[in-house]
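Engineer: A structural model of the following input is requested.
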Amino acid sequence: MKEKLYEIPLNDAMDENDECPFCYLERKAEQELMDFALGSCASYMESDTRESTDQEGFCRTHQKKMFDYGNALGNGWILKTYYKKLIKEMKEEFGSFAPQKTSLKDRLTKKVSNGNSVRDWVTSREKTCYICDRFSKRYERYVVTFFHLYKNDSAFREKLTKSKGFCFHHFGDLLSGADKYLTDGERKEFYPILFQLMEENMERMSGDIDWFIEKFDYINKDADWKQSKDAIQRGMQKIRGGYPADPVYKLK
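Structural biologist: Next up is the predicted model:
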C-alpha cells in the first residue's frame, strides 16, 4: 500500500519502537513549533505571527521552554508587542468594570460572587497558548490518521500489535477516538487488541522497574541490566506521557 504524505508521521512514530508513539509525535511537533516561533526563520518578526502570539500568548509550560530555548532577542520581540496588547485590553477591562454588590447571605456564608468581568477576562487569557493551540489541531489530525490507517492498512495494524503500546494519557485519547471514528463492529475488534497491548506492556514495564530495583542488591551487582537501565524515565513516561529524561531543547 503506497504511503500518503499525511500518513508518514504516524508510520515514522510506530517505527521508532517508543514506549508511546503519540509521545514521540507530541515531542516532535512541539519542537517544530518552537523552531518556528523562535528559530532561525525569525517568524517572530512577521506581522501575522506576532498578531497570533499577541492574541494567544503562551502557557506557563511553554513560556519556560521558550526561555530555555535560548533566543533572548526573539523572546523580547514577542513580549514587546504582547505587553502592549495586554495593557490596552487590561485598561479597557478596568474602565468598564463595575463590581457587583454582594448579598447579605453571600457575606454571611462567605460565598464568592461569580460576576467579575475582569477575572473572567484574565481566565480567558490564560486558556490560550500559541504552541498548545496549534499542537492541539495537529494532534487531532494524528488521531484521525491513526484510525484511518488502522482500518485501511494491514501493515500498520501489524506494527500496532508489535508495538510497546501507549502511555496512559494517550491510551485514554485512543479510547475516545475509537468511540468517535470506529463503527460498533470495528470497536468490538479494536478494544481487545488495544487492551491486550496495554496489559502486556504495562506488565513489561513493571518487570523492568522490578529488575532495576533488584540490581541495587549486592548479589545482583554483576548481573545484566537487561532492559532496565532506563526503566525509571520510561516508567514515568508510561504513566503520564512525555520524556522526563530529555535535556532542555535549545536553539541550534
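
Engineer: which stretches in the protein count as helices?
Structural biologist: For the chain, helices defined by DSSP state H occupy the ranges 8-15, 21-38, 47-56, 60-69, 72-96, 104-109, 117-126, 130-152, 154-161, 168-181, 184-214, 231-240.

Engineer: and those as JSON lines, adding mean neighbour count, mean pLDDT and distance to Asp222?
Structural biologist: C-beta coordinates here come from the backbone N, C-alpha and C atoms, glycine included. Shown next, in JSON lines, are the helices of the chain (neighbours: other C-beta atoms under 10 Å; pLDDT from 0 to 100; distance: least, C-beta to C-beta, whole Å):
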{"stretch": "helix 8-15", "mean neighbour count": "17", "mean pLDDT": "96", "distance to Asp222": "35"}
{"stretch": "helix 21-38", "mean neighbour count": "19", "mean pLDDT": "95", "distance to Asp222": "34"}
{"stretch": "helix 47-56", "mean neighbour count": "15", "mean pLDDT": "92", "distance to Asp222": "55"}
{"stretch": "helix 60-69", "mean neighbour count": "15", "mean pLDDT": "96", "distance to Asp222": "40"}
{"stretch": "helix 72-96", "mean neighbour count": "13", "mean pLDDT": "94", "distance to Asp222": "49"}
{"stretch": "helix 104-109", "mean neighbour count": "9", "mean pLDDT": "57", "distance to Asp222": "67"}
{"stretch": "helix 117-126", "mean neighbour count": "13", "mean pLDDT": "91", "distance to Asp222": "53"}
{"stretch": "helix 130-152", "mean neighbour count": "17", "mean pLDDT": "96", "distance to Asp222": "43"}
{"stretch": "helix 154-161", "mean neighbour count": "15", "mean pLDDT": "96", "distance to Asp222": "36"}
{"stretch": "helix 168-181", "mean neighbour count": "16", "mean pLDDT": "97", "distance to Asp222": "35"}
{"stretch": "helix 184-214", "mean neighbour count": "14", "mean pLDDT": "98", "distance to Asp222": "13"}
{"stretch": "helix 231-240", "mean neighbour count": "18", "mean pLDDT": "97", "distance to Asp222": "19"}
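
Engineer: for Val248, which of those helices is the nearest?
Structural biologist: With C-beta to C-beta, the closest approach to Val248 among the helices of the chain belongs to helix 60-69: 4.5 Å.

Engineer: next, the angle helix 72-96 makes with that closest one.
Structural biologist: With axes from the mean of the first three to the mean of the last three C-alpha atoms, to 10 degrees applied, the angle from helix 60-69 to helix 72-96 works out at 150 degrees.

Engineer: for stretch 210-223, what is the distance to the chain centroid?
Structural biologist: Taking the mean of its C-alpha atoms, stretch 210-223 sits 34 Å from the chain's own mean (C-alpha atoms, centre = their mean, to the nearest Å).

Engineer: minimum distance to Asp224: which of the helices of the chain has it?
Structural biologist: Judged by C-beta to C-beta, the one of the helices of the chain that comes nearest to Asp224 is helix 184-214, at 9.3 Å.

Engineer: before we move on, the earlier item: of the helices of the chain, which approaches Tyr249 most closely?
Structural biologist: That would be helix 21-38 among the helices of the chain, by C-beta to C-beta, at 5.6 Å.

Engineer: how about that closest one as PDB, C-alpha atoms only?
Structural biologist: The C-alpha coordinates for helix 21-38 follow below in PDB (Å, rounded to 0.1, in the frame of the first residue of the first chain):
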ATOM      1  CA  PRO A  21       4.200   6.700  19.500                       C
ATOM      2  CA  PHE A  22       2.000   9.700  20.400                       C
ATOM      3  CA  CYS A  23       4.500  10.900  22.900                       C
ATOM      4  CA  TYR A  24       7.100  10.800  20.100                       C
ATOM      5  CA  LEU A  25       4.700  12.800  17.800                       C
ATOM      6  CA  GLU A  26       4.000  15.300  20.600                       C
ATOM      7  CA  ARG A  27       7.700  16.000  21.300                       C
ATOM      8  CA  LYS A  28       8.500  16.300  17.600                       C
ATOM      9  CA  ALA A  29       5.600  18.700  16.900                       C
ATOM     10  CA  GLU A  30       6.400  20.800  19.900                       C
ATOM     11  CA  GLN A  31      10.000  21.200  18.900                       C
ATOM     12  CA  GLU A  32       8.900  22.100  15.300                       C
ATOM     13  CA  LEU A  33       6.600  24.800  16.700                       C
ATOM     14  CA  MET A  34       9.300  26.100  19.000                       C
ATOM     15  CA  ASP A  35      11.700  26.300  16.000                       C
ATOM     16  CA  PHE A  36       9.000  28.100  14.000                       C
ATOM     17  CA  ALA A  37       8.200  30.600  16.800                       C
ATOM     18  CA  LEU A  38      11.800  31.400  17.800                       C
END
